[in-house]
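Novice: Pasted the sequence and its predicted model underneath.
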Amino acid sequence: MSWAAHDLEPYAIQKHTGLKLAFVPLLIGSYSPDMMTKWFVYGIHLGPWDLKASDPAQFHRGWPGFGFTHSFIYGVAVGLIIWKVFGSKLWGVSFIVGQAAHAITDTGDTVGTMLLFPWTFHFHLDAWAYAGQTGRFTDAAAYFSGLGSMWDAVWIVYGLYSWRVLTSAYFDNYIFRADAFWPWLNRTIPRGALLTLYRAAFFYGTSRWIAWTIWAHVIHHYPYDLSWGGPHWVPAAHP
Amino acid sequence: MRLRLSFDVPNRRDLRVFGGYCLAAAVYIAIGVTWVDFLFSFWVGLAYLVIVAWLVPTLVRRLV
C-alpha cells in the first residue's frame, strides 16, 4: 500500500489534463479503493470488541475479500454509476482515472492488486513490503523505511517542480472552470477557503510523509532498507 | 544558435504564500510527530489547514 502517493498523484495527473478532468472526483477516485477497508485491515477497538480482519492482506487485496476495489472494473463500474446518477461524464471519467492510478500504484508492493478482476491474478512488482497485517505503526515504520516512501518522494518532488498547479491562478483558470462543483460550493464558501481545500491533499500528503519519516527514523530509529522488496526486517505479505 | 535554459521562477508573492504553508506544515508535523494519531485522518489535516491557512489569516486581516 502507499501512504502519500494517493494524495499527490491527482495533482500530477491534473497538471497534464488541465480542463479535461475534474479534481474532486479524481481525488475521491484516488482514495476510493481503501475508503471502506483500511480500518478493518489495521483493526479498531470498539468498547469491548476488537475488530480486525483475520487475514488483512487477503481482506484488503484478495478474493474472497475486497481486493476487487483495486481493479479497473471497479473503477469503471463506480464511474459509470457516478455518470448516470449525477449526470456528469466529467465526474465519472475523473473518478475512473483517479481510481486506476491508485490500483496501479499499489502493484508496487509485495501483495499487488487484481487489476484485471474477475481474473484473480495479482500484479505485483515487489518493490516494497506490504506490512498492513502487522498493524498501522509497524506498517508505517516499514513503509517509510523502504522504496514505497521513495516512490512517494518522487511525487512530492514532482509536485514542487510543477508548483504552478498549486497556485491561485491555476485554481481559477483550470480547477474552478473545469467543474461546476466549485462555483456551486462558492455560493456558500469563499473562494479563498476553496483554494485552501484544493491544496489540502498535497499539504496532507507531503506533511505526513515528512512527519512519518521523522517518527520512524529520528524518534524510533527504524533502519532504512531501500533494497528491492524491503525493508526485509518486516515480514512481508504475499498473495 | 544559442540555447538558453529558462526556469519557471516563483515571484515574491508566490514565495510568501509558500512560506505560510511551510510554517503551517512545520506545526502540523510537530503535532503529528508528538501525537501520531493526528496524522492518520485526511479530514483532520483538511480541517487543520482550513483553520491555519485560511480562517486565522482572514480573521487577523479583518481585525487589523
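Specialist: Good, I have the coordinates.
Novice: Leaving out the residues flanking it, which one is nearest to A:Leu51?
Specialist: A:Ile44 (5.4 Å; Cβ to Cβ, 6 or more residues apart in numbering or on different chains). Where you see a C-beta, it was placed from the backbone N, CA and C, and this is true even at glycine.
Novice: how far away is that neighbour from chain B?
Specialist: 11 Å (Cβ to the nearest Cβ, to the nearest Å).
Novice: Then A:His217?
Specialist: Counting by Cβ to the nearest Cβ - A:His217 and chain B are separated by 11 Å.
Novice: how near is that residue to A:Trp233?
Specialist: Separation of A:His217 from A:Trp233 (Cβ to Cβ, to the nearest Å): 13 Å.
Novice: Could you check how many residues crowd around B:Ala25?
Specialist: B:Ala25: 21 surrounding residues under other Cβ atoms under 10 Å in any protein chain shown.
Novice: just the strands in chain A please.
Specialist: Per DSSP state E, chain A carries strands over the ranges A:44-46, A:49-51.
Novice: Given the first one, what are its sheet partners and their directions?
Specialist: Translated: strand A:44-46. strand A:49-51 (antiparallel) (DSSP bridges).
Novice: distance between the strand it pairs with and the chain's centre?
Specialist: Here strand A:49-51 is found 26 Å from its chain centre; the criterion is Cα atoms, centre = their mean, to the nearest Å.
Novice: Contacts for the lowest-mean-pLDDT helix or strand in chain A, please.
Specialist: In chain A, no helix or strand scores lower on mean pLDDT, DSSP states H and E than strand A:44-46, which sits at a mean of 84. Outside strand A:44-46, the residues that touch it by Cβ atoms under 8 Å, 6 or more residues apart in numbering or on different chains are A:50-52.
Novice: Could you do stretch A:69-78 as well?
Specialist: Contact with stretch A:69-78 is made by A:29, A:32-34, A:36-37, A:61, A:68, A:95-96, A:99-100, A:102-103, A:106, A:113-118, as judged by Cβ under 8 Å, 6+ apart.
Novice: Give me the ChimeraX select line for those residues, limited to the buried ones.
Specialist: In ChimeraX, this line selects whichever of the contacts of stretch A:69-78 come out buried by 16 or more other Cβ atoms under 10 Å in any protein chain shown:
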select /A:29,32,33,34,37,61,68,95,96,99,100,102,103,106,113,114,115,117
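Novice: Among the contacts of stretch A:69-78, name the ones in helices.
Specialist: Here DSSP state H is the test, and the contacts of stretch A:69-78 give A:29, A:32-34, A:61, A:95-96, A:99-100, A:102-103 as lying in helices.
Novice: so who does A:Met175 touch?
Specialist: If you look again at residue A:175, you'll see it is Ile, not Met. By Cβ under 8 Å, 6+ apart, the contact set of A:Ile175 is A:14, A:23, A:182, A:198.
Novice: And the contacts of strand A:44-46, which of them are buried?
Specialist: By 16+ other Cβ under 10 Å, those give A:Lys52 as buried.
Novice: Report how many residues lie close to A:Gly132.
Specialist: With other Cβ under 10 Å as criterion, A:Gly132 counts 26.
Novice: State the pLDDT value of the nearest residue in space to A:Leu195 that is not next to it in sequence.
Specialist: Among residues not flanking A:Leu195 along the chain, A:Phe171 sits closest, at 5.2 Å (Cβ to Cβ, 6+ apart). At A:Phe171, the predicted lDDT confidence score is 96.
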